[in-house]
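Participant: With the input below, show me the fold.
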Amino acid sequence: MTQTLIECIANYSEGRRPEVIEAIAGAILSLPQVHILDRHSDGDHNRSVITFVGPLEEIEEAAFRSIAKAAELINLDEHTGEHPRIGATDVVPFVPITGASMQDCVALARRLGQRVGQELHIPVYLYEEAATRPERVNLENIRRGEYEALKREIASNPQRQPDFGPSQVGPAGATVIGARQPLIAYNVYLTTDDLAIAKKIARAIRQSSGGLRYVKALEMLVDGRAQVSMNLTNFRLTPVARVVEMIRREAARYGVAVHHSELVGLIPQEALIDAAVWHLQLDQFEPQQVLESRLAAEKAAVESASQAMSAQAATAAQFLEDLSAGSAAPGGGSAAAYAGAMAAALVGMVARLTVGKKKYAAVESQMQALASQADALRIRLAQAVEQDAAAYLLVMAAFKLPKDNPDQQQPRLAAVEQATLGAIQVPLETATDAVQVLELAHTAVSQGNLNAISDGASAAALARAALTAAALNVRINAATIRGHPGAQNALGTLEKLEARAAQLDSVIQQTVQERSGLAAG
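Facilitator: Numbers count the residues shown, from 1 in each chain. Predicted coordinates for the structure are as follows:
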């Protein structure tokens with residue numbers, strides 16, 4: 001099973017006191033599975049960016065501890081620096097890396113925001129994918145006027161009301177928390193100290209002024225040199241090389257050039273390769289031509305296959321162990337779902353053994369669709385293994401509710417009824433999916449690779465067993481709330497499923513016999 005990995009690129013309003021940054025980093029590293037990938041501090045900006053990664057379970061806590069530590073050590077009433085800011089911890093974005101979706105990061109951002117607001121009494125604004133208002137998607141809208149303006153307006157201006165936390169600002173300011181795609185923080189230094197030139201270039205390249213899409217830019221004076229400071233929010237659609245080349249050309253208009261550039265934090269390897277391909281004009285380049293990438297891919301493929309086989313064996317063995325234990329869950333409903341998942345997997349196997357074979361070119365598209373449909377059913381049925389056990393545990397919990405007091409009788413009966421309906425619904429869904437697998441198995445045995453026809457027939461047999469076992473669980477639970485409309489509807493649906501399954505059984509057996517005879521002849 002792939003571990004969930006999420007990246008956090010937190011910005012703190014401190015770049016001049018190393019001991020403060022160390023304390024914040026220590027708070028992050030207090031979680032054992034969280035690792036810091038990069039630190040970047042700038043004295044002129046008076047700002048530090050710490051990039052850290054960790055599993056979903058720990059990244060939230062690490063971010064919270066860092067925000068608390070920054071609030072303890074940074075006073076915005078005493079803070080000065082080139083970079084815009086509204087908080088001691090100014091912005092905390094989460095980026096999905098592996099095993100996590102953008103929605104996972106959105107949920108994480110909102111949980112963290114609520115906790116920071118409640119426990120640390122810091123106003124929190126949500127931005128990017130986690131934003132609750134369209135005008136708060138862009139960070140610059142939230143940070144307009146910086147800490148000083150927010151401090152004046154937060155209590156009186158409805159547009160400044162935070163998503164979480166109090167409508168007043170303390171010395172820790174406010175914090176912006178969100179979820180976004182990978183971003184490249186990139187600064188270009190010019191061969192001049194004329195800030196007006198940097199301002200003109202920033203206006204020319206940023207999207208909000210009619211420049212390049214996915215580019216945010218502003219001018220700064222850093223170390224006595226004019227700087228164009230940028231966030232590139234989608235390097236795939238607006239490549240880094242295009243941005244730099246435009247800056248180069250705009251700078252030439254004013255008689256200056258690019259002196260050097262710098263990254264703040266990390267950059268995806270893909271962005272660097274794209275820049276190299278552009279400058280070298282490698283029009284026929286393929287990513288697989290990078291030696292290290294090819295070696296890493298081969299190594300990962302071998303390791304992944306080995307781990308998958310081990311994990312599958314361990315998971316199957318553990319499920320059978322749990323099934324044989326002297327506990328009520330998992331039970332027959334979970335076993336039904338497991339059998340259905342195996343049936344769907346076999347259908348997918350037959351489809352893939354058919355795809356790409358010249359003899360079956362006429363059914364290539366049908367087999368590709370069949371594999372996709374089988375995969376979706378396999379995933380759903382595999383999830384039902386745990387869902388069925390969880391549903392039954394809720395029934396047991398409902399029966400354990402107190403019933404000695406007459407006032408407790410009605411709530412207990414309602415809880416039992418509701419839990420029982422859940423225990424009916426899960427195996428009913430398993431039965432429905434099992435019949436769908438039977439439909440797919442019919443396609444597999446009638447059109448699929450003859451050499452795998454026994455696998456298609458096995459899929460049908462397992463799907464039929466899944467239906468039978470799931471039906472038993474529906475009926476036994478429905479009997480306990482016989483008069484409930486939900487139970488009656490479930491039994492009616494089940495009868496239709498069983499009738500369709502009987503029809504499919506007959507057709508599948510006949511098809512297997514006919515095609516098996518053809519194969520033997």
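Participant: part of a strand, is Thr51?
Facilitator: Yes - with DSSP: H, G, I helix; E, B strand; the rest coil as the criterion, Thr51 is assigned to a strand.
Participant: pLDDT wise, what is it at?
Facilitator: Thr51 carries a pLDDT value of 94.
Participant: give the contact list for Ala27.
Facilitator: Neighbour list for Ala27: 62, 65-66, 68-69 [criterion: CB atoms under 8 Å, 6 or more residues apart in numbering]. Bear in mind the C-beta positions are built from the backbone N, C-alpha and C, glycine included.
Participant: and what of His279?
Facilitator: Neighbouring residues of His279 by CB under 8 Å, 6+ apart: Ala241.
Participant: quick one: secondary structure of it?
Facilitator: What three-state DSSP gives for His279 is helix.
Participant: pLDDT on the lengthiest strand in the chain, on average?
Facilitator: The residue-count maximum for a strand in the chain (DSSP state E) belongs to strand 89-98. What strand 89-98 shows for mean pLDDT is 95.
Participant: any idea which helix or strand comes after that strand?
Facilitator: Next in sequence after strand 89-98, counting helices and strands by DSSP states H and E, comes helix 102-119.
Participant: what sits up against stretch 163-171?
Facilitator: Residues outside stretch 163-171 that contact it (CB under 8 Å, 6+ apart): 74-77, 88, 113-114, 116-118, 120-126, 132, 136, 147, 150-151, 154-155, 160-161, 174.
Participant: quick revisit: let's have the contacts of Ala27 in TSV, adding secondary structure, distance to Ala487 and neighbour count.
Facilitator: Compiled in TSV, those are given as follows (DSSP: H, G, I helix; E, B strand; the rest coil; distance: CB to CB, whole Å; neighbours: other CB atoms under 10 Å):
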residue	secondary structure	distance to Ala487	neighbour count
Ala62	helix	48	23
Arg65	helix	50	18
Ser66	helix	52	26
Ala68	helix	51	19
Lys69	helix	55	21
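Participant: what's the spacing between the nearest residue to Ala68 once chain neighbours are set aside and Ala71?
Facilitator: Among residues not flanking Ala68 along the chain, Leu120 sits closest, at 5.8 Å (CB to CB, 6 or more residues apart in numbering). According to CB to CB, to the nearest Å, Leu120 stands 6 Å off from Ala71.
Participant: SS state for Ser48?
Facilitator: Under the three-state scheme (three-state DSSP), Ser48 adopts strand.
Participant: can you count the residues close to it?
Facilitator: Neighbours of Ser48 under the rule other CB atoms under 10 Å: 26.
Participant: pretty sure Leu421 is touching Thr480, no?
Facilitator: No - under the criterion of CB atoms under 8 Å, Leu421 makes no contact with Thr480, lying 10.4 Å away.
Participant: Please identify which of these two sits among more neighbours.
Facilitator: Shown here are Leu421 and Thr480; by other CB under 10 Å, Leu421 has more neighbours (18 against 14).
Participant: Report the contact partners of that one.
Facilitator: Contacts of Leu421 by CB under 8 Å, 6+ apart are 481, 484, 486-487.
Participant: Buried ones among those residues?
Facilitator: Those of these that meet the buried threshold are 481, 486-487, by 16 or more other CB atoms under 10 Å.
Participant: and these, which of them are in helices?
Facilitator: Of the buried ones among the contacts of Leu421, the ones assigned to helices by DSSP state H are 486-487.
Participant: of all the buried ones among the contacts of Leu421, which comes closest to Lys199?
Facilitator: Using CB to CB, Gly486 is the member of those that lies nearest Lys199, at 66.8 Å.
Participant: Next one: that closest one from Leu320, what distance?
Facilitator: Taking CB to CB, one finds Gly486 at 32 Å from Leu320.
Participant: What is the most widely separated pair among the contacts of Leu421?
Facilitator: Greatest spatial distance in the contacts of Leu421: Ile481 and Gly486, 7.7 Å, computed using CB to CB.
Participant: Could you find the closest non-adjacent residue to Leu29?
Facilitator: Ile36 (6.4 Å).
Participant: count of residues packed around that neighbour?
Facilitator: Burial of Ile36 is recorded as 15 neighbouring residues (other CB under 10 Å).
Participant: Which element, helix or strand, includes Arg236?
Facilitator: In the assignment (DSSP H and E), Arg236 maps to no helix and no strand.
Participant: Now it: phi and psi?
Facilitator: As for Arg236, its main-chain torsions (degrees, to the nearest 10) stand at phi -70, psi -40.
Participant: so how far is Ala251 from it?
Facilitator: In terms of CB to CB, Arg236 sits 25 Å off from Ala251.
Participant: No further queries at this time; thank you.
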